[in-house]
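Peer 1: no FASTA, just this:
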């Protein structure tokens, strides 16, 4: 939390979160932000704002977030961290007197101000790690109407409020005692209701967005207050100015407005407005209500009065870049205000992919622990050529691979938060038959494919250019169809689940490829190996197989297989088709052929714990594959009947209530599921 030492303000300017206040519950939505734009969505606060969110602000160090809203208490504030919203701060003892419209923290993080719809139209409070302090006395001369937006000057020595009646802008000195005597009104007033206000980063100018032409008015600013109005821009915004912002370097000013082009931006200097920048190539689809630059000056966001409620663009000295893709889960209701923060969870976003039996053979979705499946990504331009049997992401999330049943048997694509890229060239030497399993090595330097004809496993170097020259086959081949392949998380071993005894084969792995096959386990799996996986710490290996006990697990070390762990007390109900450890190593789950189709157990150094209760809503058909989300907070299972993929929250208590199915289902039987996350 922020302390009284203003030197603790974050020095980072990298945007990690973009928050949007909006008109329908939950009234505030926060997105993780990365170099490609919108990423995952943070969970809603446990205690929501009580009405339409009208304004939002992060404290200077992004340790707190505040939302101005339409119903009492009119302002809600929360701790903010890489995990998102914390427990709501206690309401201020003296509430704002009406609907909160705007909110701002002082530059030193020691004060917070709220503009609102009822006299005194502005309320200000001390702010600390404990939240709101005792309300400051109202200014001696109040704003004359509905307070719409509030801003502190960069040096913290002034505070300004845009409002609905003449003079449309009021400004006051600010100190540790609160409001000083109101500055004289500017000699030339804004021409209509003030809708937004901003100081330039060096504090030498102040700008007001307003309802009537010229829609934007700017003045020099000093310790004496307003200077002589700058000349209007040569090309005006076309209609009501709703919000205004300066870029962090002070070299640009932008105005959000209600008519096309809806966002207007100009160079800014000591002389005022420069020649208008070219409009963005993709205009906002509806009225822009507010505008905000990220602290590094490389991005601009707009809150919109209608779907999609938020737009964002790269920004540079040349103006607007190509619009970022909209977030996959949109805010619920018209956007009213947006704000950037510099603290976010680098584990966002997450994605989930399904390999399935019918074209397009692979489907991928954004994933949020708060909301579940997002809108399905566009199919790859070049589809896999047949039934998708297995899917895997590379460890750096920059590639996705699909094993399928027709030549070339393996298809790989670049992966990003935008989805599938252009398919990589096929390997020079193809797998020799129906590909059943695929895996990338943990360091991303290799890819392996399990398949239906000898040599049953094929591996290649992997890089940003795609496949390298095939590694030599292992000296001792698997004895039957390779149904699944897995690398140990430490990268020192590779294992294959196969259709003939010993049902699992494992080899040392290095930059040279396969080493000499490890000795078979002393107690073999009892039937066809359907899937194989290693525990996250590489201390165990598990095999799902076709006959009782349907799952076999062994300690794993540099020597290979240890003595088989005792079977779980409650066995899976039938043929084990898929097996996965949770990334935190606390759980092992098995997808199997008969109801309940999915079984999960605690896991420890002692092996299986007591089976978790079945999920309340079971899969509708044979469980084919299982995977945990990267943060272990969710589990997904593919099955042979619609919806072909099901997902549940997962915790130390087991399965939670099933997530809603994706809006666009996989097109056929789900054979494999994989999660990934982008961490930069």
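Peer 2: That came through, no problem. Because the structure is predicted, anything quoted here is derived from the model rather than measured. Residues are numbered from 1 along each chain as shown.
Peer 1: Output the below-cut-off pLDDT ranges for the chain.
Peer 2: 1-11, 328, 346-349, 679-680 (pLDDT under 70).
Peer 1: try it again with 90
Peer 2: 1-12, 32-44, 82-84, 325-330, 344-350, 366-375, 396-397, 416-419, 631, 677-680 (pLDDT under 90).
Peer 1: Now the most far-flung residue of it relative to its centre. Nearest residue, chain neighbours left out?
Peer 2: Distance to the chain centre peaks in the chain at residue 187, reaching 47.1 Å (criterion: CA atoms, centre = their mean). Leaving aside its sequence neighbours, residue 187 sits nearest to residue 228 (CB to CB, 6 or more residues apart in numbering; 6.6 Å). The way it works is simple: take the backbone N, C-alpha and C, and place the C-beta from them, glycine included.
Peer 1: could you pull out the helices for this structure?
Peer 2: Counting by DSSP state H, the chain has no helices to list.
Peer 1: circling back: OK, contacts around the residue nearest to residue 187?
Peer 2: Contact analysis of residue 228 by CB atoms under 8 Å, 6 or more residues apart in numbering lists 187-188, 219-220.
Peer 1: repeat that for 10 Å
Peer 2: 186-188, 219-220 (CB atoms under 10 Å, 6 or more residues apart in numbering).
Peer 1: are any of those buried, and which?
Peer 2: Buried subset of the contacts of residue 228 (neighbour count, 16 or more other CB atoms under 10 Å): 186, 219-220.
Peer 1: Tabulate these (JSON lines), appending distance to residue 414.
Peer 2: Formatted as JSON lines, those follow (distance: CB to CB, whole Å):
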{"residue": "186", "distance to residue 414": "54"}
{"residue": "219", "distance to residue 414": "50"}
{"residue": "220", "distance to residue 414": "50"}
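Peer 1: In strands only, show me the residues you listed.
Peer 2: 219-220 (DSSP state E).
Peer 1: What distance do you get for residue 196 to residue 292?
Peer 2: Look at residue 196 and residue 292: by CB to CB, to the nearest Å, they are 11 Å apart.
Peer 1: Mutual contacts of those two, please.
Peer 2: Common contact partners of residue 196 and residue 292 (CB under 10 Å, 6+ apart): 243, 245, 256, 337.
Peer 1: Most neighbours among those residues, which one?
Peer 2: In terms of neighbours by other CB atoms under 10 Å, those top out with residue 256 at 31 neighbours.
Peer 1: Is it in contact with residue 288, as I believe?
Peer 2: Yes - here residue 256 reaches residue 288: they are 3.6 Å apart, a contact under CB atoms under 10 Å.
Peer 1: shared neighbours of those two, which are they?
Peer 2: What both residue 256 and residue 288 touch, as defined by CB under 10 Å, 6+ apart, is the set 237, 241-243, 262-264, 302-305, 338.
Peer 1: could you redo those as JSON lines and give each row distance to residue 620?
Peer 2: Formatted as JSON lines, these follow (distance: CB to CB, whole Å):
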{"residue": "237", "distance to residue 620": "55"}
{"residue": "241", "distance to residue 620": "54"}
{"residue": "242", "distance to residue 620": "49"}
{"residue": "243", "distance to residue 620": "49"}
{"residue": "262", "distance to residue 620": "46"}
{"residue": "263", "distance to residue 620": "47"}
{"residue": "264", "distance to residue 620": "53"}
{"residue": "302", "distance to residue 620": "43"}
{"residue": "303", "distance to residue 620": "41"}
{"residue": "304", "distance to residue 620": "39"}
{"residue": "305", "distance to residue 620": "42"}
{"residue": "338", "distance to residue 620": "41"}
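Peer 1: Just give me the closest of these to residue 86.
Peer 2: residue 338 (20.7 Å; CB to CB).
Peer 1: Now do that closest one against residue 40, distance only.
Peer 2: 17 Å.
Peer 1: Next: residue 14.
Peer 2: 17 Å.
Peer 1: same check, this time on residue 154
Peer 2: According to CB to CB, residue 154 and residue 40 sit 32 Å apart.
Peer 1: and if you look at residue 200?
Peer 2: With the distance defined as CB to CB, residue 200 ends up 33 Å from residue 40.
Peer 1: Check residue 125 too.
Peer 2: The span separating residue 125 from residue 40 equals 32 Å under the rule CB to CB.
Peer 1: So between these two, which is more surrounded?
Peer 2: Counted by other CB under 10 Å, residue 125 and residue 40 do not tie: residue 40 has more neighbours, with 31 against 22.
Peer 1: residue contacts, that one?
Peer 2: So, once contact is read as CB under 10 Å, 6+ apart, residue 40 ends up touching 30-34, 84, 327-329, 344-345, 347-351, 366-371, 374, 417, 677-678.
Peer 1: Of these, grab the buried ones for ChimeraX.
Peer 2: In ChimeraX, a selection of the buried entries from those looks like this (16+ other CB under 10 Å):
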select :30,31,32,33,34,84,327,328,329,344,345,347,348,349,350,351,366,367,368,369,371,374,417,677,678
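Peer 1: Give the closest residue to residue 507 in space, chain neighbours not counted.
Peer 2: Closest residue to residue 507 apart from its sequence neighbours, by CB to CB, 6+ apart: residue 514 at 4.7 Å.
Peer 1: Just give me the closest of the buried ones among the contacts of residue 228 to residue 648.
Peer 2: residue 219 (57.4 Å).
Peer 1: how many other residues sit next to the closest residue to the closest one other than its chain neighbours?
Peer 2: Leaving aside its chain neighbours, residue 219 sits nearest to residue 226 (4.6 Å; criterion: CB to CB, 6+ apart). For residue 226, the neighbour count with other CB under 10 Å is 21.
Peer 1: Tell me the bridge partners for residue 226.
Peer 2: Counting by DSSP bridges, residue 226 is bridged to residue 221.
Peer 1: Now that it has come up, it's in contact with residue 206, right?
Peer 2: Yes - under the criterion of CB under 10 Å, residue 226 makes contact with residue 206 at 7.0 Å.
Peer 1: what do the two both touch?
Peer 2: Common neighbours of residue 226 and residue 206 (CB under 10 Å, 6+ apart) are 160, 169, 171, 186, 219-220.
Peer 1: quick one: which of the residues you listed is nearest residue 472?
Peer 2: Nearest to residue 472 among these, counting by CB to CB, is residue 160 at 72.1 Å.
Peer 1: and the residue nearest to that closest one when sequence neighbours are not counted, what is it in contact with?
Peer 2: Leaving aside its sequence neighbours, residue 160 sits nearest to residue 171 (CB to CB, 6+ apart; 4.2 Å). By CB under 10 Å, 6+ apart, residue 171 lies in contact with 143, 151, 153, 158-161, 180, 182-186, 197, 199, 206, 219, 221, 225-226.
Peer 1: Please type out the ChimeraX selection for whichever of those residues turn out to be buried.
Peer 2: Restricted to buried positions by 16+ other CB under 10 Å, the ChimeraX selection for those reads:
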select :143,151,153,158,159,160,161,180,182,183,186,197,199,206,219,221,225,226
